[in-house]
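Colleague: structure of the sequence below:
(one chain, ligands or ions: 1)
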Amino acid sequence: MGMMSLAQRFSEFVQPGVPLAPYTTLRLGGPAEYLAQPRSVAELADLMKAAADQRLPTRVLGLGSNVLVSDEGVKGVVIRLSEPAFRQIDIEGTRVRVGSGTPLMDLIRESTLRRLSGLETLVGIRATVGGALRVNAGDRTGEIGQYARRVQVLDRDFQAVWREHDELKFGEQSSNLDDPVILSAEFELDIDSADAIVKRMRKAWILRQSRQPSVHEPTARLFRDPRGLTAAALIERAELAQAKVGQARLSERHANYVVTSLGATSRDVLRLLEMIRSKVRESSGLQLDLDLQIW
Ligand SMILES: Cc1cc2nc3c(=O)[nH]c(=O)nc-3n(C[C@H](O)[C@H](O)[C@H](O)COP(=O)(O)OP(=O)(O)OC[C@H]3O[C@@H](n4cnc5c(N)ncnc54)[C@H](O)[C@@H]3O)c2cc1C
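Modeller: Okay, here's the model as predicted:
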């Protein structure tokens with residue numbers, strides 16, 4: 001069994017050498033050594049165990065809006081929780097239980113249909129529920145963590161366990177959810193009128209669209225906002241607005257987003273990042289930390 005490749009052993013849901021570009025918002029980068037789309041928690045746990053035995057790294061990919069895949073591709077196993085078992089939404093009263101692979105937009109739509117309020121100001125954030133929880137996605141008007149009652153994870157011993165409300169910590173663009181996989185979550189929402197919810201949603205949508213690249217552009221956010229400042233302001237102050245390297249440039253709508261055009265490579269984005277970092281360091285003395293994860 002030891003020498004059998006993961007793709008042979010788990011042939012029904014693991015494929016070797018799958019291009020990851022279509023699964024990221026930047027639409028860049030090379031293949032995963034293995035791409036896995038397990039159909040149950042049991043399959044996921046078996047796969048994680050086998051990967052650990054073979055010392056292969058594992059990574060979970062959500063909607064890929066915060067990931068830059070290198071041109072060379074990614075070693076080990078990339079897991080997408082895209083199968084129905086990880087995309088279920090169950091609503092009981094004001095309690096919503098949802099699989100981590102569910103796109104946030106689907107969760108917002110379902111909650112709104114039931115007149116459940118809370119998550120509607122997250123409209124327009126491209127994320128899965130798992131990816132959003134990990135970084136407490138949102139902004140000053142609301143964050144996903146506020147509504148999370150408990151979160152189910154696969155822990156380092158490959159056991160599915162619940163992290164209860166009092167164990168969960170959400171900060172600005174951060175959480176203490178550091179288990180290998182977030183499996184599902186329960187949210188507690190508020191009852192409100194459809195009118196009021198839709199009004200707040202529309203307002204959040206308009207605001208967000210005005211501050212980020214169009215949904216049709218391949219894009220990602222680059223840097224974390226330093227305490228009390230914004231990365232975009234530092235970039236603008238360094239006169240780097242709309243800076244460009246190869247086919248990667250900063251968005252004209254928001255200086256902290258990269259946008260690419262046809263023929264771009266991950267290397268273009270990496271070079272752009274480095275250029276911006278070093279020029280901002282020169283002009284302000286501040287070190288910008290990456291928000292984007294490089295795989
Ligand atoms: C145009 C645009 C606008 C954005 N606007 C906002 C915004 O307003 N507010 C905001 O907070 N963010 C925003 N983001 C950033 C991005 O949406 C968030 O970082 C989001 O949480 C990423 O979710 P994802 O599912 O795409 O995760 P991915 O980008 O696929 O992955 C990000 C990280 O989360 C991990 N991860 C994903 N799913 C799981 C899981 N189930 N279990 C364990 N780990 C997991 C991945 O391994 C990776 O480390 C924006 C991004 C873009 C491109």
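Colleague: give me the pLDDT for Ala241.
Modeller: Turning to Ala241, the model gives it a pLDDT of 86.
Colleague: now it. Nearest residue, chain neighbours left out?
Modeller: Nearest in space to Ala241, with sequence neighbours left out and distances taken as C-beta to C-beta, 6 or more residues apart in numbering, is Ala255 at 5.0 Å. Where C-beta positions appear, they are placed from N, C-alpha and C, glycine not excepted.
Colleague: residues in contact with the one you found?
Modeller: Under the criterion of C-beta atoms under 8 Å, 6 or more residues apart in numbering, the contact list for Ala255 reads Ala231, Ala232, Ile235, Glu236, Leu240, Ala241, Gln242.
Colleague: any idea how far the fourth one is from Glu72?
Modeller: Glu236 sits 33 Å away from Glu72, going by C-beta to C-beta, to the nearest Å.
Colleague: more crowded one of these two?
Modeller: Glu236 (15 against 11; other C-beta atoms under 10 Å).
Colleague: for the closest residue to the more buried one other than its chain neighbours, pull up the helix or strand it's in.
Modeller: Leaving aside its chain neighbours, Glu236 sits nearest to Ala255 (5.3 Å; criterion: C-beta to C-beta, 6+ apart). Ala255 is part of no helix or strand when elements are defined by DSSP states H and E.
Colleague: and the pLDDT at Ala255?
Modeller: pLDDT recorded at Ala255 is 94.
Colleague: can you name the residue of the stretch 151-295 of the chain nearest the ligand?
Modeller: Nearest to the ligand in the stretch 151-295 of the chain, going by C-beta to the nearest ligand atom, is Ile182, at a distance of 3.6 Å.
Colleague: the helix or strand hosting that residue pairs with which strands, parallel or anti?
Modeller: Using DSSP H and E, Ile182 falls within strand 181-188. If you go by DSSP bridges, strand 181-188 pairs up with strand 95-99 (antiparallel), strand 148-154 (antiparallel).
Colleague: what comes up buried for the helix or strand just after the first one?
Modeller: Toward the C-terminus, strand 95-99 is succeeded by helix 104-113 as the next helix or strand (DSSP H and E). Within helix 104-113, the residues scored as buried using 16 or more other C-beta atoms under 10 Å are Leu104, Met105, Leu107, Ile108, Glu110, Ser111, Thr112.
Colleague: show me the contacts for the last one.
Modeller: Same thing as Thr112. Taking C-beta under 8 Å, 6+ apart as the test, what Thr112 contacts is Glu120, Ala194, Ile197, Val198, Met201.
Colleague: ok, now how distant is the residue nearest to the first one when sequence neighbours are not counted from Ser111?
Modeller: In this case it means Glu120. In this structure, Glu120 finds its nearest non-sequential neighbour in Met201, 4.1 Å apart by C-beta to C-beta, 6+ apart. Relative to Ser111, Met201 is positioned 10 Å away (C-beta to C-beta).
Colleague: pull the contacting residues for the residue of the stretch 151-295 of the chain closest to the ligand.
Modeller: Val60, Ser100, Val129, Gly130, Leu133, Arg134, Val151, Gln152, Val153.
Colleague: re the thing from before, next, give me the two most distant ones among the buried residues of helix 104-113.
Modeller: Within the buried residues of helix 104-113, Leu104 and Thr112 form the most distant pair, 12.3 Å apart (C-beta to C-beta).
Colleague: list buried residues within the contacts of Thr112.
Modeller: Among the contacts of Thr112, those scoring as buried are Glu120, Ile197, Met201 (criterion: 16+ other C-beta under 10 Å).
Colleague: can you list the residues of the stretch 101-250 of the chain near the ligand?
Modeller: The stretch 101-250 of the chain has residues 125-128, 130-132, 134-135, 137-139, 181-182, 208, 212-213, 219-221 near the ligand, with proximity defined as C-beta under 6 Å from any ligand atom.
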